[in-house]
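Colleague: Need the 3D shape of this:
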Amino acid sequence: MKFNYELMKKIILILQTIRIITKKKQIAITVLSLLISINLNAQNMSSFYFNINSANNLAKSGKVDSAILKYENAFKKVQYVPVTYLRKVLKLSKLTNDKERIIHYSKRIKVQNKGTNPRIKATIDSLIKVDQKVRKGKSVRISTYSWKCDKDPECNKQSEKYIKSKRAIEKWKKTDSLNTYFLLNLFEKHGFIGEELVGFRRYNDVIVILLHFDADTSNTVLEPVLTKALDEGKIMPIDFAQILDRHLSGDHTKQKYWLWPDANKEKYPFTENEIPQILKSRENIGIYGSGLKQEKRGNHWFIINTNVY
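Modeller: Now for the predicted structure:
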């Protein structure tokens, strides 16, 4: 019997096509599973913060036992509870002299404050040291001169002092960008570096470094990264919002959540009628029960926020 090469080619082509289709289906299923997982986790985080707000309100009204139970029910909804909320329960437990809870939460806070990755902790220590170096003493005085000079039409912008100041600002900006991109590379390897990895203090150092990335004025670089971290419960909603608000404009007058604290000579571009929608935007990221207004004190308008955790 003569071997049919053409038929064999067709069979091989069909098998290859089936393999490709199967692989694409597997990829699609994997992607879909990942999206469902992220969505469910985001819903869990939203529920977590909603219940945290309820617990905060109970604590404020003096219903200590109910508040503790509400906090602890919220804790069950997430894999990792930020130290901020553990401290709230510890404080309430001390009011009721609940020794068992005092011991439990004191130990838990101590363990979590250590983080789990010593190498990344050391890296964050190095980055924040560089971040703060350009913001101390002589460096600040030199850098701020040109900023003030730019606002004064009579200031000599050709002077050596002005040029030196401009160079210092460029160095400042370059330092902030390099620090941030170094962090982003770490995120690629380890995911967002939240409190669980490096502890409470160094998590705040990470937030400070990201806040200083003022070159990202449209949030095109950080927003996707921070949104993923928010859905995963690795960044606090208030930190998420303040980083994005700070970067939306150089003068902080075009915010989305209006959570970056600021003072301005002109009234901010949001009205009383727009506040409910702003508060709704906050709820969408896990900030419940907050208040917002702007108030004139002397010659400046101030953003006033309440009940933001």
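
Colleague: where in the stretch 101-250 of the chain is pLDDT low?
Modeller: 249-250 (pLDDT under 70).

Colleague: how about a cut-off of 90?
Modeller: Applying pLDDT under 90 to the stretch 101-250 of the chain picks out residues 133-154, 157-158, 162, 165-173, 214-218, 248-250.

Colleague: Could you pull out the helices in it for me?
Modeller: Assigned by DSSP state H, counting those that start in this stretch, the stretch 101-250 of the chain shows helices spanning 118-133, 137-150, 160-190, 195-211, 222-231, 237-247.

Colleague: could I get these as CSV with mean neighbour count and distance to residue 262?
Modeller: Quick note: C-beta positions are derived from backbone N, CA and C, even for glycine. CSV is the format used below for those (neighbours: other CB atoms under 10 Å; distance: least, CB to CB, whole Å):
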stretch, mean neighbour count, distance to residue 262
helix 118-133, 15, 21
helix 137-150, 14, 16
helix 160-190, 15, 19
helix 195-211, 21, 13
helix 222-231, 18, 19
helix 237-247, 23, 9
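
Colleague: Which one of those lies nearest to residue 85?
Modeller: Counting by CB to CB, residue 85 lies closest to helix 195-211 out of those; the figure is 11.1 Å.

Colleague: How far off centre is the closest one?
Modeller: Relative to the chain's own centre, helix 195-211 is displaced by 9 Å; criterion: CA atoms, centre = their mean, to the nearest Å.

Colleague: Put the alpha carbons of it into PDB.
Modeller: The C-alpha coordinates for helix 195-211 follow below in PDB (Å, rounded to 0.1, in the frame of the first residue of the first chain):
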ATOM      1  CA  GLU A 195       2.800  46.400  54.400                       C
ATOM      2  CA  GLU A 196       2.700  42.600  54.400                       C
ATOM      3  CA  LEU A 197       6.200  42.400  52.800                       C
ATOM      4  CA  VAL A 198       7.900  45.300  54.600                       C
ATOM      5  CA  GLY A 199       5.900  46.300  57.600                       C
ATOM      6  CA  PHE A 200       3.900  49.400  58.500                       C
ATOM      7  CA  ARG A 201       6.800  52.000  58.600                       C
ATOM      8  CA  ARG A 202       8.400  50.900  55.300                       C
ATOM      9  CA  TYR A 203       5.000  50.600  53.600                       C
ATOM     10  CA  ASN A 204       4.600  54.300  54.400                       C
ATOM     11  CA  ASP A 205       8.100  55.000  52.900                       C
ATOM     12  CA  VAL A 206       6.900  53.300  49.700                       C
ATOM     13  CA  ILE A 207       3.900  55.600  49.600                       C
ATOM     14  CA  VAL A 208       6.100  58.700  50.200                       C
ATOM     15  CA  ILE A 209       8.400  57.700  47.300                       C
ATOM     16  CA  LEU A 210       5.400  57.200  45.000                       C
ATOM     17  CA  LEU A 211       3.900  60.600  46.100                       C
END
